[in-house]
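Colleague: build me a model:
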Amino acid sequence: MAKIGLFYGTQTGNTQTIAEQIQKEFGGDSIVELYDISGASTEDFESYSLLIIGCPTWNVGELQADWDGFYDELDAINFSGKKVAYFGAGDQVGYADNFQDAMGILEEKILELGGETVGYWSTEGYDFSESKAVRDGKFVGLAIDEDNQSDLTDGRVKAWVAQLKKEFGI
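Modeller: So this is what the prediction gives:
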């Protein structure tokens, strides 16, 4: 069984593509198993002590539809003892006032449920006004902007996965 469970929601396909990049960078499906949250159950989370959560910010600072539908089910998951990393897709130009909010909304909830956040990411190189995903001057996870900085995605994914390998201890 894979060591890491990666749960993502996608509206346009960008978040799924990023999830697949992360999986590949870790070394494939023997290390990271992908779950589209639209078909996942709470039991799917139980097998993993290492989790990656991916969610784009949709509309004006909202969760992607499938994560929005799953949000209340998170209460049934015991996140104690689990290390949880986050990544999000967002548009820092068109939505500068709520860039990556969905990532912050999920991190806050899972933190309250006992999950340990890992994979903090610098806000340097981004241009936005506000974000629910910023804690102590850093993003709670990897912030991807395919709309305005797609040329930086590969490098960001590679650097973040290298960081996570250390933080996950693998």
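
Colleague: thought Gly5 was touching Glu43?
Modeller: No: using C-beta atoms under 8 Å as the test, Gly5 is too far from Glu43 to be in contact (11.2 Å). Bear in mind the C-beta positions are built from the backbone N, C-alpha and C, glycine included.

Colleague: neighbour-wise, which of these two wins?
Modeller: Gly5 (23 against 9; other C-beta atoms under 10 Å).

Colleague: what secondary structure does Gln21 sit in?
Modeller: helix (DSSP: H, G, I helix; E, B strand; the rest coil).

Colleague: number the residues from 10 up from this point.
Modeller: Sounds good: first residue 10 from here, last item Gln30.

Colleague: which residues does it contact?
Modeller: Neighbouring residues of Gln30 by C-beta atoms under 8 Å, 6 or more residues apart in numbering: 162-163, 166.

Colleague: quick one, strands of the chain?
Modeller: 13-17, 41-45, 59-63, 66-67, 71-72, 92-98, 125-127, 130-131, 143-144, 147-148, 151-153 (DSSP state E).

Colleague: quick one, helices of this protein?
Modeller: With DSSP state H, the ranges of helices along the chain come out as 23-35, 51-55, 74-79, 110-121, 162-177.

Colleague: low-confidence ranges in this structure?
Modeller: Across the chain, the ranges flagged by pLDDT under 70 are 10.

Colleague: thought Gly113 was touching Val149, still the case?
Modeller: Yes: counting by C-beta under 8 Å, Val149 touches Gly113, with 6.0 Å between them.

Colleague: hmm, Val93 is touching Gly63, no?
Modeller: No: assessed by C-beta under 8 Å, Val93 is found out of contact with Gly63, at 11.4 Å.

Colleague: these two touch, right, Glu55 and Ile86?
Modeller: Yes: under the criterion of C-beta under 8 Å, Glu55 makes contact with Ile86 at 7.3 Å.

Colleague: for Gly78, give me its contacts.
Modeller: Gly78 makes contact with Ser47, according to C-beta under 8 Å, 6+ apart.

Colleague: please read the previous query as pertaining to Gly63.
Modeller: 15-18, 24, 27-28, 31, 95-98.

Colleague: which phi and psi does the closest residue to Trp67 other than its chain neighbours have?
Modeller: Nearest residue to Trp67, sequence neighbours excluded (C-beta to C-beta, 6 or more residues apart in numbering): Gln73, at 4.8 Å. In terms of degrees, to the nearest 10, the main-chain angles of Gln73 are phi -60, psi 150.

Colleague: nice, that's everything, thank you.
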